[in-house]
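Undergrad: would you be able to build a 3D model of this:
(chains A and B)
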Amino acid sequence: MNKRVRVVVFLKPGVLDAQGQAVQTGLRALGLEASEVRVGKAFELTVPEERWRERVRELCERFLTNPLIEDYEVYEREEVPTP
Amino acid sequence: MMRDPRFAVVVFPGSNCDRDCLHVLRDVLGYPAEFVWHEEEDLSGFDAVVLPGGFSYGDYLRPGAVAATSPVVRAVRRFAGAGGLVVGICNGFQVLLEAGLLPGALVRNRGATFRCEWTTLRVERADTPFTSLYAPGEVVRMPIAHGDGRYHAPPEVLEELEQRGQVVFRYVDRDGRTTPEANPNGSLHHIAGLANREGNVLGLMPHPERCSEAVLGGQDGRRLFESMYRWLRDRALLAAGRTR
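TA: I've put the predicted structure just below:
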């Protein structure tokens, strides 16, 4: 079986999120209010189920994120049959 | 007989300043220079490597991240480790950071806008292979064109960079002052360019190749390439002297 995961990436607190600020400005211009807006990105990955946490961590830390400026969270999705 | 220092200009899919760099090196300055494709694994025969600006791999994932995994960057790592000169300009700077050849990261500009304009820079170190033809503290003009040029590093890294004197160029106003208005992208410590500890790898966001001819409105970038050439030639002369 394969494991499907969703990885969500945000800039670390303390790294200026210029996109989040721009989005907040746009919301305000429409008269909409959010006290904080942060913009991140998401990946969906399918990996072999065996040692999947370890595999995903390596993918995230070696390539998908820059650990210097970004944090990530991993969310489990349903198990998918190996084709 | 001693041969002229040879420059490699790396071409990634999406590089767009590669021709400008080759033009300046070859046509304006008359140096031996060649394009090197990103799949190349051998940089022997070259004395300096230029990683040019552009949008390698469409800036997908993070600017420079995909390029940093290419065969030529593995070769650049070995080349730099052996003391070769490497300069990364704009996207090339982003590649060097993603490859771990320089510390820190470049993130989206303050204000989330693409900035394409002239900037004034202070030359913080005139004793590097890239800046020997500038005066220490000299204020020069170079253009920028980037959306992700805000230099970021943790406080302890910034402190170490400053202590070791690795900051080579800083955004300043015409009088050489680090005013907030003079900082086009919000870079921490106004950092526009920095070198590694050994001093043979330089990354900078401004484009020296776009200001190497009077017809383009400025020539302050030209001395960066001339400094590299002179440094390499002097090193070769010294080596030739030793073996005689």
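
Undergrad: CA atoms only for the biggest helix by length in chain B - export them in PDB, please.
TA: Longest helix of chain B, by residue count under DSSP state H: helix B:222-243. Only the C-alpha atoms of helix B:222-243 are listed here, as PDB (Å, rounded to 0.1, in the frame of the first residue of the first chain):
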ATOM      1  CA  ARG B 222      32.500  46.300 -15.300                       C
ATOM      2  CA  ARG B 223      35.200  46.500 -12.600                       C
ATOM      3  CA  LEU B 224      33.800  43.400 -10.900                       C
ATOM      4  CA  PHE B 225      34.700  41.200 -13.900                       C
ATOM      5  CA  GLU B 226      37.900  43.100 -14.400                       C
ATOM      6  CA  SER B 227      38.800  42.500 -10.700                       C
ATOM      7  CA  MET B 228      38.200  38.700 -11.200                       C
ATOM      8  CA  TYR B 229      40.300  38.700 -14.300                       C
ATOM      9  CA  ARG B 230      43.200  40.500 -12.700                       C
ATOM     10  CA  TRP B 231      43.000  38.400  -9.600                       C
ATOM     11  CA  LEU B 232      43.200  35.200 -11.700                       C
ATOM     12  CA  ARG B 233      46.000  36.500 -13.800                       C
ATOM     13  CA  ASP B 234      48.000  37.500 -10.800                       C
ATOM     14  CA  ARG B 235      47.400  34.100  -9.200                       C
ATOM     15  CA  ALA B 236      48.600  32.400 -12.400                       C
ATOM     16  CA  LEU B 237      51.700  34.700 -12.600                       C
ATOM     17  CA  LEU B 238      52.500  33.800  -9.000                       C
ATOM     18  CA  ALA B 239      52.200  30.100  -9.700                       C
ATOM     19  CA  ALA B 240      54.300  30.400 -12.800                       C
ATOM     20  CA  GLY B 241      57.000  32.200 -10.800                       C
ATOM     21  CA  ARG B 242      57.000  29.500  -8.200                       C
ATOM     22  CA  THR B 243      57.500  26.700 -10.600                       C
END
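
Undergrad: and that helix, how far out from the chain's middle?
TA: Per CA atoms, centre = their mean, to the nearest Å, the displacement of helix B:222-243 from the mean C-alpha position of its chain is 18 Å.

Undergrad: for it, name the packing helices and strands.
TA: Applying 3 or more CB pairs under 8 Å, 6 or more residues apart in numbering or on different chains; DSSP states H and E, we find helix B:222-243 packed against strand B:85-89. Every C-beta, even on glycine, is put in place using the N, C-alpha and C of the backbone.

Undergrad: alpha carbons only: can I get the strand it packs on in CSV?
TA: This file holds the C-alpha atoms of strand B:85-89, laid out as CSV (Å, rounded to 0.1, in the frame of the first residue of the first chain):
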residue,chain,number,x,y,z
LEU,B,85,36.1,31.9,-8.5
VAL,B,86,32.3,31.7,-8.6
VAL,B,87,29.9,34.6,-8.9
GLY,B,88,26.2,34.3,-8.8
ILE,B,89,24.1,37.2,-10.1
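
Undergrad: and chain A, which residues reach chain B?
TA: Counting by CB under 8 Å from any CB of the partner chain, chain A comes close to chain B at A:11, A:15-19, A:21-22, A:63-64, A:66, A:68-69.

Undergrad: among the residues you listed, which ones are in strands?
TA: A:L11 (DSSP state E).

Undergrad: just curious, which of the residues of chain A next to chain B is nearest to B:F46?
TA: A:F63 (27.8 Å; CB to CB).
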